[in-house]
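> What shape does this take:
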Amino acid sequence: MPVINRVADLQPDIVAWRHDLHAHPELMYEVHRTAAFVADRLREFGCDEVVTGIGRTGVVGVIKGRKPAGGADVKAIGLRADMDALPILEETGVDYASTTPGTMHACGHDGHTAMLLGAARYLAETRNFAGDAVVIFQPAEEGGAGAAAMIKDGLMDRFKIDQVFGMHNGPGVPVGSFAMRTGPIMAATDHVTIKIEGKGGHAARPHICIDTVLAGSQLVVALQQIVSRSVDPLESAVISMCEFHAGNARNVIPQTAELKGTVRTLKAAMRDLVEKRVREVCAGIALATGTKIHLEYERSYPVVVNHPSQTQMAARIASEVAGAANVDTEMVPIMGAEDFAYMLEARPGAFVFIGNGDSAGLHHPAYNFNDDAIVYGTSYWVRLVETTLAA
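Sure thing, here's the model as predicted:
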């Protein structure tokens, strides 16, 4: 079954919501205007329940369908969209560009939110399903673990969610296409902060100093060798050291230096191995250089792991909406991270990608969500509810 006609009729409204959200981006948990906008729309649609303040600023809407046949227990399916933007100066040039300098929707969360609002409106109008459709609008996906905060506030239990689904746009994937896979689809992310203490002094007398820049440089090189020499070539791991701060004069060997970076892995065993090796390398470089090295290794978002049954359902629905030829069920995992991982740890479900066409990449100042994708994403949400909660 192709794009739903009623969804196509709603597209101008959904686009208008998306543009409004794009023009007023907000960061992390401070999505107060966005959350109010979402809650107001859900109330206008006639949702049976609209709850705010879940996970600080998250919004949840409940749309009740028919009672299940034969007195069966009511099932609830959760659909999640993220609301927060990024601290990036926008360079799109669109007439609905960000009105908040230095903040923009550079990851398409405005599109995700608008598509789920469109699905909520349709589902509230038709209620052609047996059970509860729970629409979840989450803050702080971009590093704030808003999904975990909503779960801690009782999201899954309070709304009796049995399965949960998420969706993200994919630049480079053709509009009207979907991509997904069973099992690990996005990486775990860990934060690495390394503080080095040596002995500062005059650059002309390095022999009486302990050089923190040299130690830091050796660390950057040695850490890259973990992936090339400690990780099975058939496994996946990324170590990227992206910040190096040391000194403020060309003729002074600095007393301290600091490095910051990220580690990405797709399996728990690999995550353990990389952390172990990072600790060993830091200890070794400290011994070799005479510096004191303090490592802060913080585990952040877990691996996004799609459940088999729900991924098969997602593929079936995507094929009905876009055609089987436009659905990739064996996409290569992405080493980016997503806090939807917490929801998939709490309940079975699946995370899929929808094509954004030939756009700038995510987190790029010229990125923009493709409005042509809206009818496909919204139709997918609707059919997912109607099929999963069929009478």
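> Domain ranges for the chain, per the record?
For the chain, automatic domain parsing gives the domain ranges 5-186+303-388, 188-299.
> ok, now which ones touch the residue nearest the centre of the chain?
The residue lying closest to the centre of the chain (C-alpha atoms, centre = their mean) is Glu338, at 3.1 Å. Neighbouring residues of Glu338 by C-beta atoms under 8 Å, 6 or more residues apart in numbering: 141, 166, 168, 186, 301, 304, 351. Using the backbone N, CA and C atoms, a C-beta is placed for each residue, glycine as well.
> Now the buried members of the residues you listed.
Neighbour counting over the contacts of Glu338 (16 or more other C-beta atoms under 10 Å) leaves 141, 166, 168, 186, 301, 304, 351 as the buried ones.
> max-length helix in the chain?
In the chain, taking DSSP state H as the definition, the longest helix is helix 268-289.
> could I get the buried ones among the contacts of Glu338 as a markdown table with distance to Met331?
Formatted as a markdown table, the buried ones among the contacts of Glu338 follow (distance: C-beta to C-beta, whole Å):
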| residue | distance to Met331 |
| --- | --- |
| Glu141 | 20 |
| Gly166 | 15 |
| His168 | 12 |
| Met186 | 11 |
| Tyr301 | 19 |
| Val304 | 12 |
| Phe351 | 11 |
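> out of the residues you listed, which one sits closest to Met241?
Nearest to Met241 out of these is Tyr301 (C-beta to C-beta; 19.2 Å).
> What's the separation between the residue lying closest to the closest one once chain neighbours are set aside and Arg66?
Closest residue to Tyr301 apart from its sequence neighbours, by C-beta to C-beta, 6 or more residues apart in numbering: Ala337 at 4.5 Å. Noted for Ala337: a distance of 38 Å to Arg66, by C-beta to C-beta, to the nearest Å.
> Comparing those two, which shows the higher neighbour count?
Higher neighbour count among Ala337 and Arg66: Ala337, with 21 against 13, using other C-beta atoms under 10 Å.
> what about the residue nearest to Thr126 when sequence neighbours are not counted, neighbour count?
Closest residue to Thr126 in three dimensions, ignoring its sequence neighbours and counting by C-beta to C-beta, 6+ apart: Arg6, at 7.9 Å. With neighbours defined by other C-beta under 10 Å, the count for Arg6 comes to 15.
> And for Val134?
Val134 has 26 neighbours, counted by other C-beta under 10 Å.
> Repeat that for Arg33.
Arg33 has 14 nearby residues by other C-beta under 10 Å.
> Tell me where the stretch 101-250 of the chain has strands.
132-138, 163-170, 178-179, 183-186, 188-197, 201-202, 237-246 (DSSP state E, counting those that start in this stretch).
> Looks like Tyr297 contacts Leu223 (just checking).
No. Using C-beta atoms under 8 Å, Tyr297 is not in contact with Leu223, being 11.9 Å away.
> Can you check which residues contact both of the two?
Common neighbours of Tyr297 and Leu223 (criterion: C-beta under 8 Å, 6+ apart): Val278.
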